[in-house]
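Engineer: what shape does this take:
(one chain, ligands or ions: 1)
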Amino acid sequence: MKLYYLPGACSLASHILLREAGADFTLVQVERGTGRTTDGGDYTAINPLGYVPALGETEHGILLENGAILPFLAQKFGFVGIGGFHSMLQEIGFLSTELHKAYSPFFKNPNIAGRDREGAESQLHSRLGRYEQAYAGTDFNAAKAYAFVITNWSAHVGVSLEKYPRINAMRDALSARRSVRAAMAAEGLS
Ligand SMILES: N[C@@H](CCC(=O)N[C@@H](CS)C(=O)NCC(=O)O)C(=O)O
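Structural biologist: Next up is the predicted model:
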């Protein structure tokens, strides 16, 4: 398999799962905003919209979207978790469409301030609060790898996770996994 990634981006969740599984895979870094990979390849031929993750060389060809790649890896390597497949899918769906996207205003406008920042923070806290209450836990599944990666962005955007004890316990449990440390090191994040 071939994982197309940007350092620290949501593709890190798939990277963690591939390492957790001890899978045979290659990492291909995508250049931000150019449509190319750092080894000179044309990433638009993989994903015309240019975003990561993409997982190539699978038995289904190239897979795009966290909502497909993470369940694929979960099923293939046994990271569905204690709640079963549909519970994990629900969690990934929430993460992908609600929590992940609640960070977007901060990335789209790094200087976000005033009422725009207040609105973005309020939306983000509503999604963090729901994740805390409904999903966060120290068990491992494909969704938890994704939640770890998304909540990593909080420090970068300046939004504190202090009031979320279950999210913090989940993050501590994930941080202690060898696969997580190895994936982060390989992406130059530690
Ligand atoms: N719909 C996609 C969205 C993935 C996404 O937002 N990828 C971001 C990184 S987390 C990206 O590649 N952005 C392009 C960029 O930063 O240049 C999915 O869920 O897989």
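
Engineer: I figured residue 80 hits residue 70, correct?
Structural biologist: No. Counting by Cβ atoms under 8 Å, residue 70 is not a contact partner of residue 80; they are 10.5 Å apart. Quick note: C-beta positions are derived from backbone N, CA and C, even for glycine.

Engineer: so what's in contact with these two at the same time?
Structural biologist: Residues touching both residue 80 and residue 70 (Cβ atoms under 8 Å, 6 or more residues apart in numbering): residue 142.

Engineer: these two: which is more packed in?
Structural biologist: For residue 80 against residue 70, the residue with the higher neighbour count under other Cβ atoms under 10 Å is residue 70, and the figures read 29 against 18.

Engineer: quick one: name whatever helix or strand follows the strand or helix carrying that one.
Structural biologist: Per DSSP states H and E: residue 70 is located in helix 66-77. Next helix or strand after helix 66-77 toward the C-terminus (DSSP H and E): helix 85-94.

Engineer: can you list the domains in the protein?
Structural biologist: Each domain of the chain is listed here as a residue range: 2-78+179-186, 85-177, per automatic domain parsing.

Engineer: follow-up on the earlier one: what's the helix holding residue 70 packed up against?
Structural biologist: Contacts defined by 3 or more Cβ pairs under 8 Å, 6 or more residues apart in numbering; DSSP states H and E place helix 66-77 against helix 11-20, strand 54-58, helix 85-94, helix 142-157.

Engineer: avg pLDDT for the longest one?
Structural biologist: Taken as a whole, helix 142-157 has a mean pLDDT of 98.

Engineer: quick check: buried residues in the helix ranked longest in the chain?
Structural biologist: Secondary structure of the chain read by DSSP state H shows that its longest helix is helix 114-134. Residues of helix 114-134 classed as buried: 117, 120, 121, 123, 124, 125, 127, 128, 131, 132 (neighbour count, 16 or more other Cβ atoms under 10 Å).

Engineer: go ahead and confirm the fourth one touches residue 104.
Structural biologist: This points to residue 123. No. Contact between residue 123 and residue 104 fails when scored by Cβ under 8 Å: they sit 9.9 Å apart.

Engineer: re earlier: so which of the domains of the chain gets nearest the ligand?
Structural biologist: Nearest to the ligand among the domains of the chain is domain 2-78+179-186 (3.2 Å), distances taken as Cβ to the nearest ligand atom.

Engineer: please compute how far the closest one lies from its chain's middle.
Structural biologist: Mean C-alpha position of domain 2-78+179-186 versus that of the full chain (Cα atoms, centre = their mean, to the nearest Å) differs by 10 Å.

Engineer: one more: stretch 125-143?
Structural biologist: Between the mean C-alpha position of stretch 125-143 and that of its chain there is a distance of 13 Å (Cα atoms, centre = their mean).

Engineer: that stretch and the ligand, any residue contact?
Structural biologist: No. Applying Cβ under 6 Å from any ligand atom, one finds that stretch 125-143 is not in contact with the ligand, the shortest distance being 12.9 Å.
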